[in-house]
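J.: how would this look folded up:
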Amino acid sequence: MLMPKKTRIAIFEHLFKEGVMVAKKDYNAPKHPELENVRNLHVIKALQSLKSKGYVNEQFAWRHYYWYLTNEGIQYLRDFLHLPPEIVPSTLKRQARTEAARPRPSKMGGEPRAQGAADREAYRRAGPPGGDKKADVGAGAQTDFQFRGGFGRGKPQ
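T.: You can find the predicted model right below:
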């Protein structure tokens, strides 16, 4: 697609700086949300061109295009924008860890816990005196089934 060279350069600079780019699938949008004075259609078509050359990978979800640079794309944009090899996209920069590794919490209390299955069974069987918890509840707990007369269409006549 024909577009001004300064627009293409602005798109490529932003893509190289961030390493990723997002655009809503709206071809009639007057401008791209991250770039001033650049139409959304120009962003989509410029990155579609880079995708066909294998310089970016594209994901599409929920009416949004997501592009991220490949290693070949980084090299191509370095050559196109005349950048030194020391400059890298922000997706390749290491994040500086600000907080130290979190300390592991120590176990509270000195007595060991009961084994998992025994602990659960003790909880299920325990209850208040004259308790509500019974072992013989639920489907298949009793063997003396009673089939009473049905209701509705199953009612005997």
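J.: Kindly format the C-alpha coordinates of stretch 78-97 as CSV.
T.: Extracted C-alpha coordinates of stretch 78-97, given in CSV (Å, rounded to 0.1, in the frame of the first residue of the first chain):
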residue,chain,number,x,y,z
ARG,A,78,18.3,-2.4,12.3
ASP,A,79,19.4,-2.1,8.7
PHE,A,80,16.3,-0.1,7.6
LEU,A,81,16.6,2.4,10.4
HIS,A,82,20.4,2.4,10.5
LEU,A,83,20.7,1.5,14.1
PRO,A,84,23.8,0.1,15.9
PRO,A,85,23.7,-3.5,17.1
GLU,A,86,23.8,-2.4,20.8
ILE,A,87,20.2,-1.1,20.6
VAL,A,88,17.7,-3.9,21.1
PRO,A,89,13.9,-4.0,21.5
SER,A,90,12.5,-3.7,25.0
THR,A,91,11.1,-7.2,24.8
LEU,A,92,14.7,-8.5,24.7
LYS,A,93,16.0,-6.4,27.6
ARG,A,94,16.3,-8.1,31.0
GLN,A,95,14.1,-6.7,33.7
ALA,A,96,16.1,-5.5,36.8
ARG,A,97,14.8,-7.3,39.9
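J.: Next, the buried residues of it.
T.: Buried residues in stretch 78-97, defined by neighbour count with 16 or more other C-beta atoms under 10 Å: Pro89. To be clear about C-beta, it is placed using only N, CA and C from the backbone, and glycine gets the same treatment.
J.: Next: stretch 50-69.
T.: Of the residues in stretch 50-69, 50-51, 55-56, 65, 67-69 count as buried by neighbour count, 16+ other C-beta under 10 Å.
J.: ditto for stretch 3-19
T.: In stretch 3-19, the ones that count as buried by 16+ other C-beta under 10 Å are 7-8, 10-12, 14-16, 19.
J.: No more questions from me, cheers.
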